[in-house]
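Enquirer: Prediction below, plus the sequence it came from.
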Amino acid sequence: MKKALAAWVTAGVGLLAYEVYAVVNHTPGDTLSEAMWKYGQHPMIGVAIGILIGHLWWQRSKKQ
């Protein structure tokens, strides 16, 4: 579990660092939210995100 937590923290810090860089860079369409709006117009992107989110919250089995 410690490796998974480290991976999530690393990914979060990396995305935050990129977002700060994109905002400071002042290039239109360069932030993560702008990219999601641009590429999110395709219906399969929404399906893929739904599958990913469902996968992250799906319980394998309950421990007794």
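Expert: Arrived safely. Numbers count the residues shown, from 1 in each chain.

Enquirer: Output the below-cut-off pLDDT ranges for the chain.
Expert: Within the chain, the ranges that satisfy pLDDT under 70 run 60, 62-64.

Enquirer: ok, now with 50
Expert: By pLDDT under 50, the chain contains no weakly predicted segment.

Enquirer: Check which helix or strand residue 20 maps to.
Expert: Assigned by DSSP states H and E, residue 20 falls within helix 2-25.

Enquirer: Flag every buried residue along the next helix-or-strand element following that helix.
Expert: The helix or strand immediately downstream of helix 2-25 is helix 32-39, counting by DSSP H and E. By 16 or more other Cβ atoms under 10 Å, helix 32-39 has no buried positions at all. All C-beta spots, glycine's among them, are computed from the backbone N, C-alpha and C.

Enquirer: Go through the helix holding residue 20 and flag the buried ones.
Expert: For helix 2-25, the neighbour count (16+ other Cβ under 10 Å) marks residue 22 as buried.

Enquirer: How far away from the center of its chain is that helix?
Expert: Helix 2-25 sits 10 Å away from the centroid of its parent chain (Cα atoms, centre = their mean, to the nearest Å).

Enquirer: now the angle from that helix to helix 32-39?
Expert: Note on geometry: by axes from the mean of the first three to the mean of the last three Cα atoms, to 10 degrees, helix 2-25 and helix 32-39 are set 90 degrees apart in direction.

Enquirer: Can you name every helix or strand that helix 2-25 contacts?
Expert: Counting contacts by 3 or more Cβ pairs under 8 Å, 6 or more residues apart in numbering; DSSP states H and E, helix 2-25 packs against helix 32-39.

Enquirer: Which helix or strand lies directly C-terminal to the helix it packs on?
Expert: Sequence-wise, the next helix or strand downstream of helix 32-39 (DSSP H and E) is helix 43-57.

Enquirer: got the CA positions of that next one in CSV?
Expert: Taking Å, rounded to 0.1, in the frame of the first residue of the first chain, the C-alpha atoms of helix 43-57 are listed here in CSV:
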residue,chain,number,x,y,z
PRO,A,43,-17.5,10.9,-26.5
MET,A,44,-15.0,8.1,-26.0
ILE,A,45,-12.9,10.3,-23.7
GLY,A,46,-15.9,10.4,-21.3
VAL,A,47,-16.4,6.7,-21.5
ALA,A,48,-12.7,6.1,-20.8
ILE,A,49,-12.7,8.5,-17.8
GLY,A,50,-15.8,6.8,-16.5
ILE,A,51,-14.2,3.4,-16.7
LEU,A,52,-11.1,4.7,-15.0
ILE,A,53,-13.0,6.3,-12.1
GLY,A,54,-15.2,3.2,-11.7
HIS,A,55,-12.0,1.0,-11.6
LEU,A,56,-10.5,3.2,-8.9
TRP,A,57,-13.5,3.0,-6.6
